[in-house]
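Novice: coords below, sequence missing:
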């Protein structure tokens, strides 16, 4: 799956959880800048994991600090066939 496709999934989940337009989710931004609290961020990550069919420890996300890094993380997981 391409990064752009994963970004579209993350944008859709962020928009759903935060009740915002997907177009307002920036590639280089942070979910917290969009008003996401820790529970919102966890929900967005969990929803994306489910959509992509991935399972991993959330501790692996400790270095992820923005949306681009999150998309890159998911892209790497999908490329490895992690499930």
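Specialist: Structure received. Just so it is clear, the model here is predicted, and its values are computed rather than measured.
Novice: CA only for contacts and neighbour counts going forward, please
Specialist: Noted.
Novice: Next, the contact list for the most centrally placed residue in the chain, please.
Specialist: Nearest to the mean C-alpha position of the chain, by CA atoms, centre = their mean, lies residue 10 at 4.4 Å. The contact partners of residue 10, by CA atoms under 8 Å, 6 or more residues apart in numbering, come to 44, 45, 48, 71.
Novice: try 6 Å this time
Specialist: Contact partners of residue 10, counting by CA atoms under 6 Å, 6 or more residues apart in numbering, are absent.
Novice: Report the next helix or strand after the strand or helix carrying it in sequence order.
Specialist: Taking DSSP states H and E as the definition, one finds residue 10 inside helix 3-18. Using DSSP H and E, the helix or strand that follows helix 3-18 in sequence is helix 38-52.
Novice: contacts for the next helix or strand after that following helix?
Specialist: Note on helix 38-52: by DSSP H and E, the next helix or strand toward the C-terminus is helix 67-80. Here helix 67-80 makes contact (CA under 6 Å, 6+ apart) with 3, 7, 27, 28, 29, 30, 64.
Novice: likewise stretch 16-25?
Specialist: For stretch 16-25, using CA under 6 Å, 6+ apart, the contacting residues are 11, 12, 15.
Novice: Could you work out the end-to-end span of that stretch for me?
Specialist: Stretch 16-25 has its terminal residues 11 Å apart, counting by CA to CA, to the nearest Å.
Novice: mind showing which ranges of this protein have poor pLDDT?
Specialist: The model of the chain has pLDDT under 70 over residues 81-83.
Novice: Apply 50 and report the result again.
Specialist: 82-83 (pLDDT under 50).
Novice: before we move on, back to that, most surrounded residue in the contacts of stretch 16-25?
Specialist: Sorting the contacts of stretch 16-25 by how many neighbours each has (other CA atoms under 10 Å) puts residue 11 first, at 24 neighbours.
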